[in-house]
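>>> Provided below are the primary sequence and the corresponding predicted coordinates.
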Amino acid sequence: MTELAKTFDPASIEARWYKHWEEGGLFRPERPAAAPFTIVNPPPNVTGSLHIGHALDNTLQDIMIRYERLRGKDALWVVGTDHAGIATQMVVERQMNARGEKRTDYSRDQFVEKVWEWKAESGGTITGQLRRLGCSMDWSREQFTMDPHFTRAVVKVFVDLYNKGLLYRDKRLVNWDPGLKTAISDLEVETREVLGKFWHFRYPLADGVTLDDGRDHIVVATTRPETMLADMAVAVNGEDERYKSVIGKEVVLPITGRRIRIVADDHADPELGSGAVKITPGHDFNDFEVGKRAGIAPAQMLNMLDADAHVCQTADGLVPEAYIGLDRFDARRKVVAALDELGLLVTFADKEGNEKEAEDRVIQTPYGDRSGVVIEPWLTDQWYVDAATLAKPAIESVKSGAIEIVPKSWEKTYFNWMDNIQPWCVSRQLWWGHRIPAWYDEDGAVYVAEDEAAAQALAGNKALTRDSDVLDTWFSSALWPFATLGWPEKTDLLAKHYPNDLLISGFDILFFWDARMAMQGIEFMGEVPWKRLYLHGLVRAADGQKMSKSKGNVVDPLGLIDRYGADALRFFMAAMESQGRDVKMDEKRVEGYRNFATKLWNATRFAMSNGIGASASVEAPAATQPVNAWIIGEVVETVAALDKALAELRFDAAANAIYHFVWDQFCDWYLELIKGSIDEETKAVAGWVLDQILVMLHPFMPFITEELWHALGERPYDLIVAQWPNPNAVVDAEAKAEVDWLIRLVSEVRAARAELNITPGAKLTAHVQDAGEATRTRLERQKASASRLARIDSWSFDPAPAGGSAQVVVDEATFVLPLEGVIDIAAEKARLAKALEGVAKEAKSLAGRLANPSFVEKAKPEAVEKARADHAEKSAEAERLQAALVRLG
């Protein structure tokens, strides 16, 4: 046995053991004949640093991988990083800007080389941080989405989808980010509430036409006046009597003079505003659809903005020169001023009677989640995947049970999104990423092939130019479950580990990543990518708010590891992970789990000081003494509880089971019960139980358990590759009943002493009344332990003397504790009654507040939650005081 330090210091053991495991190849031991168990890690961005969400996500994955490894599986946890097209290009460009350079100072190839240089120098930050958390990943096969073998897989998928008619080039509206100068997906758009303006303009009717009420114009309203430079129609509802007579007629657009048709479309709501809507199909998603229904083809739709969101000339050349080159927001002000000058701005009076040019309105405004710039719907040629077709088998896989989503409540969200899925825009206007394998001839004809030679063979002698765009990062990461295993090559690894067994993911990337993996996995492998999908919640601040830098409530997981150790943070994450709920950060709980680790450390030191060491067998030793048979039974029940909880992916239940077994049954009771009587049987049992604890706790707290495993004695193998407990024992019902009875008896006597302020040194006699034969036998056998732990001097079956006493009831027996001369009974009754009165009053007041609907509905959630917690606390205290009074008769 190795001598343990008096104080548990996580920092002194974590780096040492991680290095030992990794260098020893213990994260992926050779087990060719073993059943596989496979998880792929959601690849963090190569630019990333470990945040608290990563800590939750990776802790849960590591628990399952370590658990299955201990169960003898060929456990593979695929690890790697994502090239993160937008994020990485932003990082490198910022560094260039700081040096007074910009991307366009370099050729494309030179810039890409700069990014590779950055990755070599700075791209491994998060992988080191995952090691600090204790993640037992297969680093020997670390993946990167821009590795040559992965790039080959990405290119093949693109070409195959194109050849199947599932990927195509189209002119459609996209979310254009003028800051990054690229299209982004709907999922990368962040909607914010912004205080803006709602303007009303008069559009003159052409050719002397008037409405039935005599007006010679139609009023339209907009929050984006600048887009009127590219208006192509005015829509009214076909059932709106005000406009029926002018449907098919034209208005003359102010400023440009363009004549545009009035069209009937249900998009126009007669109850909203004037009932007429200006239609700019090239710059609004709803208008795009209205335009198509009105017979305007995408190729005909006008575009009045360039990639910088500056005004450009439209195809019809009608935008006045004074607007060309203006920023969109400057153009907005100029358009409003021009319409005002033309007398076409409709003003209105506010509540105070002041004339205003526009209504103040809160507008749902789209921003790029990375650039922070207002997104512009922009008409451009992009590459799209036919997601609706790919989604059908992915939907069916969940309906059939081929993929099990846990918690099941997320199925509805999954189906809703997949049933309404839109074409997936997969092209991005960046330099860093997988360049699209498409080439164009001078006439614009496209040739899609895996390389230039193959494209040239398709094109014949025509000169070709390669598409300058790259693929959306999520396109490549959708291949993660199979491309990381060697696909498109038919490798042994792929054959054994696809489909994966489990994916653990935050619910926030269900659509970004999970659904797309399901679609691509089924399409290219003919099977679902994983059998189960576990979706966990977010880690929120202690008050339930979402963490954000702007709020200053972000928690650094590495700081928590520095203060409390990785094991404590990991256990917190597991204990707080309840299906379907977010995790509320609570540093006090993390500290509490560090104390839990310290308790185990001290328990092991106690065991070692009493000659208890490593067990010689994985099977439970023979036990003749009730206390030893009892603790073996507790191990059996704890193993079963853990197996059940982890099979159901109930991490909180698993953590709770091992926590209470270690803290309550083993440390607080078993070690106390065996003190003073540690014979050879007890040493064997205690050593075996401690071994089982270390194995069961290892998936949650790998560092301390490995340290204690080796401290207890020489081992033929490391704990990380030990055998999951298989006690080969049954619960001894008689021993369990006896020790449970002893624990209840001691607990009740201790509670009575505490409630009645009986000093620890006070000598008490217990008079036993109404005890059956079984109780008498148990008391005789456990008298020494009961006396020591309950601080009872003597036990008597004689009647208790007259006078004040406390009564403790356990099963059929009553244990009477005479208190004359021990405490002032009258004073104690008065103290308890007064305290009960005060606590009951507080509990009643809190109950009243909670019964008031206006408080529950209108107060801040945290105030309601605190009131509920206070009420529960006061109610429990009242019950305790009432019980103490009852004890005194």
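Looks like it came in fine. In this text, all values refer to a predicted model and were calculated from it rather than measured experimentally.
>>> identify each buried residue in stretch 532-552, please.
Buried residues in stretch 532-552, counting neighbours by 16 or more other C-beta atoms under 10 Å, are found at L533, Y534, L535, H536, G537, L538, V539, R540, A541, M547. C-beta: built from backbone N, CA, C; applies to glycine.
>>> in the stretch 301-450 of the chain, which spans are helices?
328-341, 387-400, 411-419 (DSSP state H, counting those that start in this stretch).
>>> average pLDDT across the first one?
Taken as a whole, helix 328-341 has an average pLDDT of 96.
>>> report the distance from that helix to the chain centre.
Here helix 328-341 is found 45 Å from its chain centre; the criterion is C-alpha atoms, centre = their mean, to the nearest Å.
>>> looking at this, F815 is in a helix?
No. Checked against DSSP: H, G, I helix; E, B strand; the rest coil, F815 lies outside a helix; its state is strand.
>>> beta partners for it?
F815 forms beta bridges with V768, V808, as assigned by DSSP bridges.
>>> hmm, back to that, dump the helices of the stretch 301-450 of the chain to TSV, plus mean neighbour count.
Below are the helices of the stretch 301-450 of the chain laid out as TSV (neighbours: other C-beta atoms under 10 Å):
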stretch	mean neighbour count
helix 328-341	17
helix 387-400	17
helix 411-419	15
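>>> quick one: closest of the ones you listed to L4.
Proximity to L4 (C-beta to C-beta) singles out helix 411-419 among these, at 48.9 Å.
>>> just want the angle from the closest one to helix 387-400.
Angle of helix 411-419 versus helix 387-400, following axes from the mean of the first three to the mean of the last three C-alpha atoms, to 10 degrees, is 150 degrees.
>>> show me what helix 411-419 packs onto, helices and strands only.
Under the contact definition 3 or more C-beta pairs under 8 Å, 6 or more residues apart in numbering; DSSP states H and E, helix 411-419 sits against helix 387-400, helix 515-525.
>>> list the contacts of the first one.
By that I understand helix 387-400. For helix 387-400, the external contacting residues (C-beta atoms under 8 Å, 6 or more residues apart in numbering) are 166, 402-403, 405, 411, 414-415, 418-419, 421-424, 515, 518-520, 522-523, 528.
>>> and with 6 Å instead?
Residues outside helix 387-400 that contact it (C-beta atoms under 6 Å, 6 or more residues apart in numbering): I403, M418, I421, W424, A518, M519, I522, E523, V528.
>>> equivalent analysis for the last one, please.
Surrounding helix 515-525, the residues in contact under the criterion C-beta under 6 Å, 6+ apart are L390, P393, A394, A478, L479, P481, F482, P529.
>>> how far does it sit from its chain's centre?
For helix 515-525, the distance from its own C-alpha centre to the chain's C-alpha centre is 22 Å (C-alpha atoms, centre = their mean).
>>> just after it, pick out the following helix or strand.
strand 530-536 (DSSP states H and E).
>>> just the angle between that following strand and helix 411-419, please?
110 degrees.
>>> still on that earlier bit, closest one to V374 among the helices of the stretch 301-450 of the chain?
helix 328-341 (8.4 Å).
>>> hang on, the earlier thing: out of the contacts of helix 515-525, what pair is the most spread apart?
By the measure C-beta to C-beta, P393 and L479 form the most distant pair in those, at 16.5 Å.
>>> in its sheet, what does the helix or strand of the chain with the lowest mean pLDDT sit against?
Every helix and strand of the chain was ranked by mean pLDDT, DSSP states H and E. The lowest is strand 348-349, at a mean of 81. When pairs are called by DSSP bridges, strand 348-349 turns out to pair with strand 355-356 (antiparallel).
>>> centre of the chain to the strand it pairs with, how far?
48 Å.
>>> and for stretch 616-636?
For stretch 616-636, the distance to the chain centre is 40 Å (C-alpha atoms, centre = their mean).
>>> do the same with stretch 538-549
Mean-position distance between stretch 538-549 and its chain equals 12 Å (C-alpha atoms, centre = their mean).
>>> put the alpha carbons of that stretch into CSV.
Extracted in CSV, the C-alpha atoms of stretch 538-549 (Å, rounded to 0.1, in the frame of the first residue of the first chain):
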residue,chain,number,x,y,z
LEU,A,538,-28.2,24.3,-21.3
VAL,A,539,-26.1,25.2,-18.3
ARG,A,540,-27.6,28.4,-17.0
ALA,A,541,-26.5,30.9,-14.3
ALA,A,542,-27.6,30.3,-10.7
ASP,A,543,-30.7,32.5,-11.2
GLY,A,544,-31.8,30.6,-14.3
GLN,A,545,-30.7,33.2,-16.8
LYS,A,546,-28.8,32.3,-19.9
MET,A,547,-25.1,32.9,-19.6
SER,A,548,-23.7,35.6,-21.7
LYS,A,549,-20.6,37.8,-21.7
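>>> any low-confidence regions in this structure?
889 (pLDDT under 70).
>>> check which strands are paired with the strand ranked longest in it and give the direction for each one.
Criterion DSSP state E: the longest strand present in the chain is strand 189-204. Pairing partners of strand 189-204, with direction, according to DSSP bridges: strand 217-222 (antiparallel), strand 345-346 (antiparallel), strand 359-368 (antiparallel).
>>> export those strands to a markdown table and append columns for distance to A826 and mean neighbour count.
Below are the strands paired with strand 189-204 laid out as a markdown table (distance: least, C-beta to C-beta, whole Å; neighbours: other C-beta atoms under 10 Å):
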| stretch | distance to A826 | mean neighbour count |
| --- | --- | --- |
| strand 217-222 | 82 | 20 |
| strand 345-346 | 87 | 18 |
| strand 359-368 | 68 | 14 |
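>>> returning to what we had before: and the buried residues of stretch 532-552 as a markdown table, adding distance to A623?
Formatted as a markdown table, those follow (distance: C-beta to C-beta, whole Å):
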| residue | distance to A623 |
| --- | --- |
| L533 | 43 |
| Y534 | 38 |
| L535 | 43 |
| H536 | 40 |
| G537 | 43 |
| L538 | 46 |
| V539 | 43 |
| R540 | 46 |
| A541 | 48 |
| M547 | 50 |
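>>> and the two most separated of these?
Longest distance between any two of the buried residues of stretch 532-552 is 27.0 Å, between L533 and A541; criterion C-beta to C-beta.
>>> surely L742 is within a helix?
Yes. Membership of L742 in a helix is supported by three-state DSSP.
>>> correct me if wrong: it contacts K783.
No. In this structure L742 lies outside contact range of K783 using C-beta atoms under 6 Å: 10.0 Å.
>>> those two: which is more packed in?
Shown here are L742 and K783; by other C-beta atoms under 10 Å, L742 has more neighbours (24 against 13).
>>> quick check: closest non-adjacent residue to that one.
Closest residue to L742 apart from its sequence neighbours, by C-beta to C-beta, 6 or more residues apart in numbering: Q782 at 4.8 Å.
>>> the stretch 1-150 of the chain: strands as residue ranges?
All strands of the stretch 1-150 of the chain, identified by DSSP state E, counting those that start in this stretch, fall at 36-40, 74-78, 80-81, 143-144.
>>> and the most centrally placed residue in the chain, what does it touch?
Residue closest to the average C-alpha location in the chain (C-alpha atoms, centre = their mean): G506, at 3.1 Å. By C-beta under 6 Å, 6+ apart, no residues touch G506.
>>> next, it: phi, psi?
Phi and psi for G506, reported as degrees, to the nearest 10, are phi -70, psi 150.
>>> how near is it to M232?
G506 is 42 Å from M232, where distance means C-beta to C-beta, to the nearest Å.
>>> I'd say I13 and T705 touch.
No. Here I13 does not reach T705: they are 10.4 Å apart, not a contact under C-beta under 6 Å.
>>> more neighbours: the two, which one.
T705 (24 against 18).
>>> pretty sure V731 is touching T638, no?
No. Applying C-beta under 6 Å, one finds V731 not in contact with T638, separated by 11.0 Å.
>>> so which of the two has more stuff around it?
The neighbour comparison of V731 against T638 (other C-beta under 10 Å) goes to T638, with 22 against 17.
>>> any idea which element that one lies in?
Assigned by DSSP H and E, T638 belongs to helix 626-647.
>>> contacting residues around the helix or strand following that helix?
Sequence-wise, the next helix or strand downstream of helix 626-647 (DSSP H and E) is helix 651-660. Here helix 651-660 makes contact (C-beta under 6 Å, 6+ apart) with L60, A574, A575, E577, S578, T638, A641, L642, A645, L646, M696, L697.
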